[in-house]
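>>> What follows is a predicted structure for the sequence shown.
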Amino acid sequence: MDLNYTPEEEAFRQEIRAFLAAAVPPDVREKVRLGRRLTREDMLGWQRILHARGFGAGTWPQRFGGCGWSVVQQHVFEEECAAACAPPQIPFGLRMVAPVLMAFGSPTQQQYHLPRIIAGEDWWCQGYSEPGAGSDLASLRTGAARGGDHYVVNGQKTWNTLGQYADWIFCLVRTSQEGKAQNGISFLLIDMRTTGISVRPIITVEGEHEINDIFFQDVRVPLANLVGEENKGWTYAKFLLNHERTNNAGVGICKRSLAQLKQLAARQQRGGRPLLENVRFRDRIARLEMELMALEITNLRVLSAFARDNRPPGAEVSALKIKGSELIQDLAELKMHALGMDALPYLREALDPQWQAPALLADHYPPEAPPLTGQYFNQRKTSIYAGSNEIQRNIIAKMILGL
Amino acid sequence: MDFRYSDEQLGLQETLQRFIARDYTFEQRRTFMQGAHGYSEAAWQQYAELGLLGLPLPEQYGGLGGSATDVMVVMEQFGRALMLEPYLTCVVLCGGLLRDLASPAQCAQVLPGVCEGKTKLALAAHESRGGYDLAAIATVAQRERSGWVVSGRKHVVLDAPGADLFLVAARTAGSPGDESGISLFLVAKDAAGLVMEPYATQSGSRAADLAFERVTLPAQALIGTAGAALPAIERAVDEACAALCAEALGAAAALNEATLAYLKSRKQFGVPIGMFQALQHRMADMYVAEEQLRSMAIVAAAHAREADAAVRTRTVAAAKAYVGGAARFIGQQAVQLHGGMGVVDEHIVSHYFKRLSMIEMSFGDSDHFLARFSDSLLAASS
Ligand SMILES: Cc1cc2nc3c(=O)[nH]c(=O)nc-3n(C[C@H](O)[C@H](O)[C@H](O)COP(=O)(O)OP(=O)(O)OC[C@H]3O[C@@H](n4cnc5c(N)ncnc54)[C@H](O)[C@@H]3O)c2cc1C
């Protein structure tokens, strides 16, 4: 056993760090640092910058234009990105639909979409969930009926993240009513500009527009946009879900969140002393740091086992999803507590990058304060989406423990 | 012992339930939030007619002389309705503070207006960066000629934007952190030199930061004895915390009802999700948490006006800390059990969750009150 990074990995870290120091646009870095709203262009622009340097898709194999990084390299990259306050890489194209296309897509689909995803030209979103089909995804009803050289899609998707920005959506649709529900599902790629698609915003608990309902009314989708075989979509969907969950540990993001929490606790005052000197509070931070130490290694152990055995991610990712989501929630909760009474103000305009604290607030309300309470509320989603934590426990109990 | 509300209290509860069902639905509340000060002035006038605004205030000033348990009845229903009006700050906190500290002449001047719904009060006490310590007051009031001049800042003054009068804690002696030397003053909202920065709060009501830039007050603006206001302020904050426990109870109970109904109606995998044992156990734990929360809210109300300050403080501290934790558990789990429905603004669940979170953060979070309770164990053993 050896927990040390090799000299090559250390050199890799230095290379990434130097690159990030110069490459993250200062205004974007500041928005990420202070939790201000990011635009579509901020996020796609960042993907273009990464791509220009050859870092567009760390985990993709080189034959598709990716870096083919090892698990450890990808981990180092994500850790450095988070520390440098780089914006997130939008996962829907890169980490969700792309692996499916590589494994099951047609050469035409691969050749058209993969380069556009890595280059930050297209924004993808995920159309799985429906009002009646959440945890029980296989019960989905959005239908695709064959008509000549196209499908006609009708139905509703919901909880769709950032679909308001999307060029493309990958959807699970019902193409057959025969047999088990899982057997009649197909995986379709749909251009968001197609006639008959409408997007309705859903405002989340903290007051932001992050998710949507998407309605399909007689939407014509070329047959060529079917991925793999008709009625085999469930297999592809499960493959994708496990890929999605490998990303859910979010160790890099947790590290940045922990660092911010410590800074905040060092600066916030309680009884004339820094909050960090309060043992009761400091112990809470310490416990989270211990969880994070364990999660970092669990994450690397699990991911490198997949890489070593050359197999797609399995049920073990459920453990990463549970711990990663709980940790990010607990960190958000502590940051809110660090604010004390300053957790109460709801300054919606303060999420705009141009916002300057009014004179009266400036002397006590820290610049990173405005989004923190809302983040605590919003992060409750992490134990609900990408397969709720109850579903993850069911998976562990059944698939790993054999119960 | 008798743990039930009296017949009179049950009558009051029923009146409130009827009022809420008719005049304070979730949809109506949404429109109230858009009002000038983020609440319904019409509702406030109805509270006045129902006698709620004078409930804990003395009869000679137009009140009903009710107990903290009477207030609990009101706050529990307000918690269910996610009431936006400044009842807690104006009536419980400031009304109670004047009742206990002000001279009869001052009470006669202000409290009848409160009872009638004509005057609203807000307490400007907290000021140190997010801290909860009521002794950490740096705002000063200096004697000048026949009166006082107040200078300083106040942070997150709850319900300030709609207030007519502020009760302002300022130092007339000593330095921040000293328990003595704090005095209370009555300041009109339009006093020259009083600057306000208003904002919304996370759970819908409003608040503001205040700056006092050499605000000149007459001698009679002083409430109580100079330099001796802190014990009364702490007592009033304890009473407000007990009322917050009752509000949390109402919100948590309503949230448990909503969650239970959802477990029975939402179907996945062909069955109501309440059929899954993992969720049954969670819901059972939420039920247990609500029962424990209710007990602590009852204890808090019973001791909110306790004469022995040490007993009152440690009991209310225990209740506020415990209720904060139980409310957090119920709030987070209710959201979780609603799945995506739990995190959307359209659905009332997220609003209960936010309100419960802000109740925990008000006047001191659970760690703050845990520390007070825990320290009292040490004091008792020495
Ligand atoms: C902010 C946010 C963003 C999202 N983004 C997307 C997106 O971009 N694209 C997309 O397709 N979807 C997205 N989702 C949807 C997400 O995947 C679903 O919310 C999730 O699958 C849960 O489904 P549901 O909300 O219908 O809850 P339900 O499935 O109704 O679950 C309700 C509760 O029941 C529990 N439960 C259900 N079944 C069981 C069981 N068998 N055993 C024990 N407990 C059970 C759940 O854990 C949960 O607590 C998003 C959700 C959120 C909140």
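That came through fine.
>>> Is stretch A:383-396 in proximity to the ligand?
Yes. In terms of CB under 6 Å from any ligand atom, part of stretch A:383-396 sits within range of the ligand, namely A:Ile384, A:Tyr385, A:Ser388, A:Glu390, A:Ile391, A:Asn394. (Glycine included, C-beta is placed from N, CA and C.)
>>> Now do the strands in chain B.
Listed in chain order, the strands found in chain B under DSSP state E are B:121-124, B:140-144, B:147-158, B:165-171, B:182-188, B:194-201, B:206-217, B:222-223, B:267-268, B:271-272.
>>> Off-centre distance for the third one?
In this view, strand B:147-158 has its centroid 20 Å away from the chain centroid, taken as CA atoms, centre = their mean, to the nearest Å.
>>> Spatially nearest residue to A:Glu296, not counting backbone neighbours?
Nearest in space to A:Glu296, with sequence neighbours left out and distances taken as CB to CB, 6 or more residues apart in numbering or on different chains, is A:Val251 at 5.1 Å.
>>> surely that neighbour meets A:Met293?
No. In this structure, A:Val251 sits apart from A:Met293 without contact. The criterion is CB atoms under 8 Å, and the distance is 10.1 Å.
>>> Looking at these two, which has the bigger crowd around it?
Neighbours per residue, other CB atoms under 10 Å in any protein chain shown: of A:Val251 and A:Met293, the larger number sits with A:Val251, 21 against 10.
>>> Tell me who's in contact with B:Gly54.
For B:Gly54, the contacting residues are B:Tyr61, B:Gly62, B:Gly63, B:Leu64, B:Val91, B:Leu111, B:Val114, B:Cys115, by CB atoms under 8 Å, 6 or more residues apart in numbering or on different chains.
>>> Mark out where each domain of chain B begins and ends.
Domain assignment of chain B by automatic domain parsing yields the ranges B:7-119, B:122-227, B:231-381.
>>> Reformat those domains as JSON lines; add mean pLDDT.
Formatted as JSON lines, the domains of chain B follow (pLDDT from 0 to 100):
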{"stretch": "domain B:7-119", "mean pLDDT": "97"}
{"stretch": "domain B:122-227", "mean pLDDT": "95"}
{"stretch": "domain B:231-381", "mean pLDDT": "97"}
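>>> Relative to B:Lys264, how far out is the residue nearest to A:Glu296?
The gap separating A:Val251 from B:Lys264 is 39 Å, by CB to CB, to the nearest Å.
>>> Check A:Asn310 too.
In this structure, A:Asn310 and B:Lys264 are 47 Å apart, going by CB to CB.
>>> would you turn the strands of chain B into TSV with distance to A:Leu189?
Formatted as TSV, the entries for the strands of chain B read as follows, by distance: least, CB to CB, whole Å:
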stretch	distance to A:Leu189
strand B:121-124	57
strand B:140-144	68
strand B:147-158	50
strand B:165-171	61
strand B:182-188	65
strand B:194-201	42
strand B:206-217	48
strand B:222-223	71
strand B:267-268	27
strand B:271-272	33
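>>> Can you lay out the ones you listed as CSV showing mean neighbour count?
Written out in CSV, the entries for those read as follows (neighbours: other CB atoms under 10 Å in any protein chain shown):
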stretch, mean neighbour count
strand B:121-124, 26
strand B:140-144, 16
strand B:147-158, 22
strand B:165-171, 26
strand B:182-188, 24
strand B:194-201, 18
strand B:206-217, 21
strand B:222-223, 23
strand B:267-268, 16
strand B:271-272, 13
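>>> so which of those strands gets nearest the ligand?
Ranking these by their distance to the ligand (criterion: CB to the nearest ligand atom) puts strand B:267-268 first, at 4.7 Å.
>>> so what strands line up beside the closest one?
Strands adjacent to strand B:267-268 in the sheet, as given by DSSP bridges, are strand B:271-272 (antiparallel).
>>> Now look at the partner strand and say if it contacts the ligand.
No. No part of strand B:271-272 sits near the ligand under the criterion CB under 6 Å from any ligand atom; the closest distance found is 8.7 Å.
>>> Next: stretch A:120-129.
Yes. Residues of stretch A:120-129 contacting the ligand under CB under 6 Å from any ligand atom: A:Cys125, A:Gln126, A:Gly127, A:Tyr128, A:Ser129.
>>> Return the distance of the lengthiest helix in chain B from the chain's centre.
In chain B, assigned by DSSP state H, the helix with the most residues is helix B:230-265. Distance of helix B:230-265 from the chain centroid (CA atoms, centre = their mean) equals 10 Å.
>>> what comes up buried for it?
When burial is assessed from 16 or more other CB atoms under 10 Å in any protein chain shown, helix B:230-265 yields the following buried residues: B:230, B:232-256, B:258-260, B:262-263.
>>> ok and the residue in the stretch 51-200 of chain A nearest chain B?
Nearest residue of the stretch 51-200 of chain A to chain B, counting by CB to the nearest CB: A:Asp136, 3.9 Å away.
>>> and that residue, how many neighbours does it have?
A:Asp136 has 17 neighbouring residues, counting by other CB under 10 Å.
>>> Kindly report the same for A:Asp352.
The burial metric for A:Asp352, expressed as a neighbour count using other CB under 10 Å, is 12.
>>> how far away is it from A:Pro370?
Separation of A:Asp352 from A:Pro370 (CB to CB): 10 Å.
>>> go on, A:Pro115?
Summarising the geometry, the distance separating A:Pro115 from A:Pro370, computed by CB to CB, is 38 Å.
>>> Next: A:Gly155.
Computed as CB to CB, the A:Gly155 to A:Pro370 distance reads 38 Å.
>>> Those two: who's more crowded?
Of the pair A:Gly155 and A:Pro370, A:Pro370 is the one with more neighbours under other CB under 10 Å, namely 25 against 20.
>>> so what's the residue of chain A found nearest chain B up against?
Across chain A, no residue is closer to chain B than A:Gly340, which sits at 3.1 Å (CB to the nearest CB). Under the criterion of CB under 8 Å, 6+ apart, the contact partners of A:Gly340 comprise A:Gln268, A:Arg270, B:Arg129, B:Gly130, B:Gly131, B:Tyr132, B:Met361, B:Asp365.
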